[in-house]
Structures are given as structure tokens and as C-alpha cells.
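[1] Show me how the following folds:
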Amino acid sequence: MARITNILWPLTFALGSVSAWGLETHCAAEEQVLFACSTGKKVVAVCASADVTALQYRFGPPEAPELVWPADPQPPHNEITAGTLAFSGGGGAYLRFSRSVYDYIVYTAIGKDWGEKAGVVVEKSGQQLAHLPCVGAVVSELGPELFEQAELAEDEQGFDLP
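    Residues are numbered from 1 along each chain as shown. Below is the predicted model of the structure:
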């Protein structure tokens, strides 16, 4: 089972490309790791500037991400929205990165009956194409305080955990 760190109440800290947990992140040493995990052969990460004004989704092999979005991580964040999830005995948070007809949704959640979940969902025109759950350690700073600090709009599409 993946170990999720700081699932709902973010703490701000900077990590290099390999975190204190030995987790590859795709984030530079001067960036904050907002979300990172391994999906097996690939790594998913959300990296931010020190002041959390520039956010970017990165996905790919540990050596080099094959997808980086948005190309210019500076605000305004028209292609990035955020949301929270409420469950009996738990909750969660997610970020949606929209790129044309594709959405990349990174999420963390915990529930009384099913434990911890984290991963990335890829959608095309609202239809799920892939679900890649995190394997092993998870770094997550996702939550309302981060969303407010980054001035992200609320995701109006909603998100159902896979």
C-alpha cells in the first residue's frame, strides 16, 4: 500500500529530483514537489516554483519526463483546476491539468473502508483512457491551502475516484 504524506493539509518544502524517501520526482532542487509517485516504470510529478505561482505536470520515465504541461508554468493557470473530495471517514484532493481534449488528473484520497489511494487518471473528451495508481511512496501536498495559495480555480467537472 502506498504511503501518502500530507494528504489534505499541505506543508511547503523544497526537494530535489530525488526526495528524502528516495522517490524520483522530475522536480528540480529549487522547485517544490506538490505531488510525486511512481506508477511502476514511469514517474508522475507536479512541480512548482518556490512561491507556488508556477505549476507544471510532468510524466515519464525516471530519466526524463516525456510529457510536461503546461509548457509555460506561469500564471494565469487557465488549464489547471483543483478540487477536494469528501468521504465518510476521509477525503481527498486533486489537480486537473487540461490540454486540448486531454485531462491529466493527479489525486490523493483516504477513506475509512478502503484506505489510501493516489495516482493519475488520463481522460480524453471526458472519457477515462488510463488509470495509473501510485506504487510505493507518495508525496502529496494537495489540499485547500495550496489551491488558494496557487490561486487555482475550482474544478467544475468533478472527479470520481477510480
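[2] Stretch 86-98 - what's its average pLDDT?
    The pLDDT scores in stretch 86-98 average 92.
[3] got it, and stretch 126-141?
    95.
[4] so how many other residues sit close to Tyr57?
    27 (other C-beta atoms under 10 Å). Every residue, glycine included, has its C-beta placed from N, CA and C.
[5] Repeat that for Asp51.
    Asp51, neighbours per other C-beta under 10 Å, totals 10.
[6] quick one: it from Asn78, how far?
    Asp51 sits 19 Å away from Asn78, taking C-beta to C-beta, to the nearest Å as the criterion.
[7] quick one: the strands in the chain?
    4-5, 32-38, 43-48, 55-60, 67-69, 80-87, 90-99, 102-111, 115-124, 127-133, 135-140, 153-154 (DSSP state E).
[8] I'd like those as CSV, with distance to His26 appended.
    Listed next are the strands of the chain as CSV, based on distance: least, C-beta to C-beta, whole Å:
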stretch, distance to His26
strand 4-5, 17
strand 32-38, 7
strand 43-48, 4
strand 55-60, 4
strand 67-69, 8
strand 80-87, 17
strand 90-99, 14
strand 102-111, 12
strand 115-124, 13
strand 127-133, 15
strand 135-140, 12
strand 153-154, 24
